[in-house]
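Chemist: Need coordinates for the below:
(one chain, ligands or ions: 1)
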Amino acid sequence: MSTAVSSSLQRTDLESTFTDRDFAFFARLVYEKSGIVLADHKKSMMFSRLVRRVRELKLGSFKAYGELLRGPDGEAEVGDFINAMTTNLTKFFREDHHFEFLESTALPRAAQRAVQDGTRRIRLWSAGCSSGEEPYSIAICLKRAASQLRPHDVRLLATDLDTNMVSRAAAGLYPKSAIAALPPHWRNGHFHSTDKTREQVAVEDDLRAMITFRPLNLLHDWPMSGPFDAIFCRNVMIYFDGPTKVRLVNRLADLLQPGGWLFIGHSETLLEHQDRLRLVGRTIYERIA
Ligand SMILES: C[S@@+](CC[C@H](N)C(=O)[O-])C[C@H]1O[C@@H](n2cnc3c(N)ncnc32)[C@H](O)[C@@H]1O
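Modeler: Okay, here's the model as predicted:
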């Protein structure tokens with residue numbers, strides 16, 4: 001039976017209830033549901049991320065939270081549990097060389113390919129989009145390339161496991177500081193202030209309209225059949241173990257156009273996939289035909 005307490009306990013009271021056994025159970029569940037591996041040294045990080053949820057639910061201990069997740073109402077809580085455990089760090093035009101490559105090379109070539117094969121179809125995917133900065137950065141590049149892309153049917157999909165992040169991404173609202181350091185060509189005309197203090201900016205509607213936001217677990221089946229001209233899957237695989245990463249990259253490669261591009265995070269490599277993906281720039285891979 002879970003222990004509901006009438007007044008929520010302080011963070012310090014709850015700290016003493018967080019055992020190695022609780023950590024092992026939660027780490028196993030995160031791995032099974034998301035592929036994210038949490039080594040033992042992540043115990044304090046896990047505590048900080050889950051304690052708020054334990055207090056919101058007015059539970060007296062982490063053990064009680066584990067019992068809730070294992071019990072008949074567990075499935076209903078798993079989503080919030082996973083949302084609490086994901087790492088969502090991101091920013092606009094993170095690794096700006098990816099977006100320079102997208103504008104200068106990938107989009108013009110994709111436009112040419114779409115004319116040659118007669119499909120007039122260009123598809124892009126931000127897989128693990130977090131709070132939206134990545135797909136909006138892609139959308140800004142698409143808007144800047146609009147004259148080359150106009151005759152084409154261009155679609156940009158943005159997905160994440162964390163449903164809170166998908167909602168935030170779709171809302172397109174950010175603190176002004178998030179765009180302060182962007183160069184003018186990537187900032188001007190793409191955002192407007194929303195409040196009197198001008199501390200919050202909203203992404204322009206035409207950019208939001210370019211993107212389809214959806215929750216999607218990369219470990220599960222995918223409803224899309226591709227092929228994609230470019231997939232951004234950056235700083236997602238770093239949390240996965242080797243076999244999960246190999247499976248995921250193979251599935252991403254399956255969905256890429258021959259000659260399409262996979263963009264990965266700055267600390268990631270794809271050494272196991274050299275027969276299918278060729279390195280063509282810093283952390284940019286091209287699908288071998
Ligand atoms: C560190 S963020 C990276 C955001 C962005 N791609 C970037 O590089 O700035 C990692 C994102 O991957 C998502 N993620 C983790 N496991 C996932 C899974 N199994 N399926 C889909 N998304 C996942 C997390 O929710 C998080 O938003």
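
Chemist: Contact residues of the stretch 101-250 of the chain facing the ligand?
Modeler: Proximity of the stretch 101-250 of the chain to the ligand (C-beta under 6 Å from any ligand atom) is limited to residues 128, 130, 134, 160-162, 165, 217-219, 234-236. C-beta coordinates here come from the backbone N, C-alpha and C atoms, glycine included.

Chemist: so can I have TSV of those showing secondary structure, pLDDT and neighbour count?
Modeler: Formatted as TSV, these follow (DSSP: H, G, I helix; E, B strand; the rest coil; pLDDT from 0 to 100; neighbours: other C-beta atoms under 10 Å):
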residue	secondary structure	pLDDT	neighbour count
128	coil	98	25
130	coil	98	26
134	helix	98	29
160	strand	98	30
161	coil	97	24
162	coil	97	24
165	helix	98	23
217	coil	98	15
218	coil	98	21
219	coil	97	16
234	coil	98	24
235	coil	98	21
236	coil	97	24
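
Chemist: Pick out the most distant pair among those.
Modeler: Greatest spatial distance among those (C-beta to C-beta): 134 and 219, at 19.7 Å.

Chemist: buried residues in the helix or strand bottoming out on mean pLDDT in the chain?
Modeler: Between all helices and strands in the chain, the lowest mean by mean pLDDT, DSSP states H and E belongs to helix 11-15, at a mean of 81. In terms of neighbour count (16 or more other C-beta atoms under 10 Å), helix 11-15 has its buried residues at residue 14.

Chemist: Determine how far that helix lies from the middle of the whole chain.
Modeler: Mean-position distance between helix 11-15 and its chain equals 31 Å (C-alpha atoms, centre = their mean, to the nearest Å).

Chemist: swap in stretch 269-289?
Modeler: Its chain's average C-alpha position is 21 Å from that of stretch 269-289, according to C-alpha atoms, centre = their mean.

Chemist: try stretch 141-157
Modeler: In this view, stretch 141-157 has its centroid 22 Å away from the chain centroid, taken as C-alpha atoms, centre = their mean.

Chemist: So what touches that stretch?
Modeler: The set of residues external to stretch 141-157 that reach it, using C-beta atoms under 8 Å, 6 or more residues apart in numbering, is 99, 102-103, 107-108, 111, 114-115, 120-126, 135, 138-139, 185, 190, 206-207, 210-212, 214, 224.

Chemist: gap between the two ends of that stretch?
Modeler: 14 Å (C-alpha to C-alpha, to the nearest Å).

Chemist: in this protein, which spans are strands?
Modeler: Secondary structure of the chain, counting by DSSP state E: strands at 121-127, 153-160, 173-175, 191-193, 200-203, 211-215, 228-233, 256-264, 277-281, 284-287.

Chemist: Export these as TSV, with columns for distance to residue 65.
Modeler: Listed next are the strands of the chain as TSV, based on distance: least, C-beta to C-beta, whole Å:
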stretch	distance to residue 65
strand 121-127	30
strand 153-160	24
strand 173-175	31
strand 191-193	39
strand 200-203	34
strand 211-215	23
strand 228-233	31
strand 256-264	34
strand 277-281	41
strand 284-287	40
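
Chemist: Of those, give the one that comes closest to residue 33.
Modeler: With C-beta to C-beta as the criterion, residue 33 lies closest to strand 211-215 of the strands of the chain, at 13.0 Å.

Chemist: and that closest one, which strands flank it?
Modeler: Sheet pairing for strand 211-215, assigned by DSSP bridges, gives strand 153-160 (parallel).

Chemist: on that earlier part again, mind checking which of the contacts of stretch 141-157 are buried?
Modeler: Using 16+ other C-beta under 10 Å as the burial test, those include 99, 102-103, 107, 111, 114, 121-126, 135, 138-139, 190, 207, 210-211 as buried.

Chemist: which residue sits closest to residue 66, ignoring its sequence neighbours?
Modeler: Nearest non-adjacent residue to residue 66, counting by C-beta to C-beta, 6 or more residues apart in numbering: residue 25, 5.2 Å away.
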